[in-house]
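Asks: I need the structure of the sequence given here:
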Amino acid sequence: MKISREQIEQVLQALQVGTGGDAASEAPKLQVVGSTRAVRAARRDAERVKQICAMIAALPEVRPDRLSQLVSAVEHGDYDPSALDVAEKMLGRIMADRLK
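Replies: Residues are numbered from 1 along each chain as shown. So this is what the prediction gives:
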């Protein structure tokens, strides 16, 4: 599965691992666990997580259209990714694997 730079940034933002921001000051305030409002919010969040997981599960592991483009580029010698692009994808893959 391809992981885009945008997806990596979303993961970093979700984990509040930034490029200079103070994660502690940006952390959401916790509500009292027993409150009705907190329970409703937790249920909404859990439902949203389920929806997102279902959307991710529905994504194809391989995109045939993109795969054929890449195969063609490699065969014709036109595929030449930069070292930075390769490194970013490798690190992104490592981060995504750790989240599983």
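
Asks: toward the C-terminus, what is the element adjacent to the worst-scoring helix or strand of the chain on mean pLDDT?
Replies: Lowest mean confidence among the helices and strands of the chain (mean pLDDT, DSSP states H and E): helix 23-26, at a mean of 50. Moving toward the C-terminus from helix 23-26, the next helix or strand (DSSP states H and E) is helix 36-58.

Asks: gap between that next one and the chain center?
Replies: Here helix 36-58 shows a centroid-to-chain-centroid distance of 17 Å under the convention Cα atoms, centre = their mean, to the nearest Å.

Asks: what pLDDT, on average, does it get?
Replies: What helix 36-58 shows for mean pLDDT is 88.

Asks: and it, C-alpha only, in PDB?
Replies: The C-alpha trace of helix 36-58 is given here as PDB (Å, rounded to 0.1, in the frame of the first residue of the first chain):
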ATOM      1  CA  THR A  36     -22.600  12.100  30.200                       C
ATOM      2  CA  ARG A  37     -21.000  14.500  27.700                       C
ATOM      3  CA  ALA A  38     -17.700  12.500  27.900                       C
ATOM      4  CA  VAL A  39     -19.500   9.200  27.300                       C
ATOM      5  CA  ARG A  40     -21.300  10.600  24.300                       C
ATOM      6  CA  ALA A  41     -18.100  12.000  22.900                       C
ATOM      7  CA  ALA A  42     -16.300   8.700  23.400                       C
ATOM      8  CA  ARG A  43     -19.100   6.800  21.600                       C
ATOM      9  CA  ARG A  44     -19.000   9.300  18.700                       C
ATOM     10  CA  ASP A  45     -15.300   9.000  18.500                       C
ATOM     11  CA  ALA A  46     -15.400   5.200  18.600                       C
ATOM     12  CA  GLU A  47     -18.000   5.100  15.800                       C
ATOM     13  CA  ARG A  48     -15.900   7.400  13.700                       C
ATOM     14  CA  VAL A  49     -12.800   5.200  14.300                       C
ATOM     15  CA  LYS A  50     -14.900   2.200  13.100                       C
ATOM     16  CA  GLN A  51     -16.000   4.100  10.000                       C
ATOM     17  CA  ILE A  52     -12.400   5.100   9.200                       C
ATOM     18  CA  CYS A  53     -11.200   1.500   9.700                       C
ATOM     19  CA  ALA A  54     -13.900   0.200   7.400                       C
ATOM     20  CA  MET A  55     -12.900   2.800   4.800                       C
ATOM     21  CA  ILE A  56      -9.300   1.800   5.000                       C
ATOM     22  CA  ALA A  57     -10.100  -1.900   4.900                       C
ATOM     23  CA  ALA A  58     -12.100  -1.300   1.700                       C
END
